[in-house]
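J.: got a predicted model here, sequence first, then my questions.
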Amino acid sequence: MPLTMLYVPGDRPDRFDKAVGSGADAVILDLEDAVVAARKAYARDAVAEFVGSTHRVPVHVRVNELTGPDVGADLDAVAGAPGLAGLRLPKVESAGSVRRVAGRASVPLHPLVESAVGVERAYEIATAGPTVASLGLGEADLRSDLGVTVEEGLTWVRGRIVVAARAAGLPPPMLPVYANVTDLAGLAESCALGRRLGFVGRTALHPRQLPVIVEAFRPAEAEVSRARELLDAVAEAQTRDSGTVVLPDGRFADRAMVAAARRTVELADRYA
């Protein structure tokens, strides 16, 4: 499970290799919002060339809006490329639109919910097909759509995305980008809030944001210790053919706790 994914404008091929070497767990080459209309074709060609070969970290491509005029050319250019690890699908509002992309590209798909309609259909989108690998939230467009001007206005929506992803059997969603790339204290605070709401990891706009995100989501030593204790207790109970697991502090363990404990240990091992 990645903690960091770095966006790079698709019309800046001079930054592609730097992004791959930035320390991000994955890179997203953006053909949508980061590229003005006059440079769409140039960006598409540059991205297609880059994903024509494999790289040391997964490289995803965010295509243009699924109902717009450019997405068909985007898919023609990158679908089937050996270096394409996944497609980010912006402004998704229906499961059908995801299935249409799945019919043209056999790679993991990552729909982004960015409107009120998308939020209402979040579970349908998350279960659109077996190639859906995650569900994400695009908060800038959503704020505009809802007329939200304060953080509290997005609390329910964020919870809705977390629940939809979990119900669909997908990994916890990543937080969307934090737009102020110089406000690292604000980024850390925002990540801490997102973590408490059930998000794991975050997309980034600048490499300087990456270590802040990792630090915010990397499990603390006490968390890891509790998680290992839980997994040891579960393993011991299985040797006794017992379905009941009681921890030394008296807590009963259930399946949800086990899944969370495994995720904690995995993250701790990866970012040790």
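T.: Received the coordinates, thanks.
J.: name the nearest residue to Ala95, sequence neighbours excluded.
T.: Ala128 (3.8 Å; Cβ to Cβ, 6 or more residues apart in numbering). The way it works is simple: take the backbone N, C-alpha and C, and place the C-beta from them, glycine included.
J.: A strand includes Leu6, no?
T.: Yes - Leu6 forms part of a strand when assessed by DSSP: H, G, I helix; E, B strand; the rest coil.
J.: could you find the closest non-adjacent residue to Ala105?
T.: Counting by Cβ to Cβ, 6+ apart, the residue nearest Ala105 is Ala79, at 3.9 Å.
J.: with Asp145 instead?
T.: Using Cβ to Cβ, 6+ apart, the closest residue to Asp145 is Ser115 (4.8 Å).
J.: what's the neighbour count on the one you found?
T.: 17 (other Cβ atoms under 10 Å).
J.: got a pLDDT number for it?
T.: For Ser115, the pLDDT comes out at 97.
J.: going forward, the N-terminal residue is numbered 23.
T.: Sure, I'll start counting at 23 from here, so that last one is Ser137.
J.: and it, how far from Leu253?
T.: 40 Å (Cβ to Cβ, to the nearest Å).
J.: so the residue nearest to Asp167 makes contact with Asp163?
T.: Yes - assessed by Cβ atoms under 8 Å, Ser137 is found in contact with Asp163 at 6.7 Å.
J.: before we move on, the earlier item: Three-state assignment for the residue nearest to Ala117, please.
T.: At Ala150 the chain is in coil, as set by three-state DSSP.
J.: how about the contacts made by it?
T.: Applying Cβ atoms under 8 Å, 6 or more residues apart in numbering, we find Ala150 in contact with 117-118, 120-121, 124, 131, 133.
J.: before we move on, back to that, give the residues shared as contacts by Ser137 and Asp163.
T.: Common neighbours of Ser137 and Asp163 (Cβ under 8 Å, 6+ apart) are Lys113.
J.: spatially central residue in this protein, please.
T.: Met196 (3.9 Å; Cα atoms, centre = their mean).
J.: list the contacts of that one.
T.: 24, 27, 156, 158, 221-225.
J.: most neighbours among those, please name it.
T.: Most surrounded of these: other Cβ under 10 Å gives Arg224, at 27 neighbours.
J.: which phi and psi does the spatially closest residue to that residue that is not a sequence neighbour have?
T.: Take Arg224 and drop its neighbours on the chain: the residue closest to it by Cβ to Cβ, 6+ apart is Leu197, 4.1 Å away. Dihedral pair for Leu197: phi -70, psi 150, per degrees, to the nearest 10.
J.: roughly how far apart are Leu197 and Val170?
T.: In terms of Cβ to Cβ, Leu197 sits 16 Å off from Val170.
J.: over to Leu219?
T.: From Leu219 to Val170 the distance is 16 Å (Cβ to Cβ).
J.: and the strands in this structure, which stretches?
T.: Per DSSP state E, the chain carries strands over the ranges 26-31, 48-52, 81-84, 108-111, 131-135, 158-159, 224-226.
J.: in the stretch 23-172 of the chain, which spans are helices?
T.: 38-42, 62-72, 93-100, 117-124, 138-142, 144-148, 161-168 (DSSP state H, counting those that start in this stretch).
J.: show me what contacts Ala48?
T.: 24, 26-28, 79-82, 107.
J.: Ala190 now?
T.: 145, 148-149, 154, 157.
J.: could you pull up phi and psi at it?
T.: Per degrees, to the nearest 10, the backbone of Ala190 is at phi -80, psi 0.
J.: buried residues in stretch 136-155, which are they?
T.: 136-137, 140-141, 143-150, 153-154 (16 or more other Cβ atoms under 10 Å).
J.: what stretches of the protein score poorly on pLDDT?
T.: Low-confidence segments of the chain (pLDDT under 70): 262-266, 272, 276-278.
J.: got a list of contacts for the top helix by length along it?
T.: The residue-count maximum for a helix in the chain (DSSP state H) belongs to helix 243-261. Applying Cβ under 8 Å, 6+ apart, the external contacts of helix 243-261 come out as 241, 265-270, 275, 279-280, 282-284, 286-287, 290.
J.: any chance of the contacts of Ala150 in CSV, plus distance to Ala46 and neighbour count?
T.: Below are the contacts of Ala150 laid out as CSV (distance: Cβ to Cβ, whole Å; neighbours: other Cβ atoms under 10 Å):
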residue, distance to Ala46, neighbour count
Ala117, 29, 18
Gly118, 32, 12
Val120, 25, 25
Arg121, 29, 14
Ala124, 26, 19
Leu131, 20, 22
Pro133, 21, 28
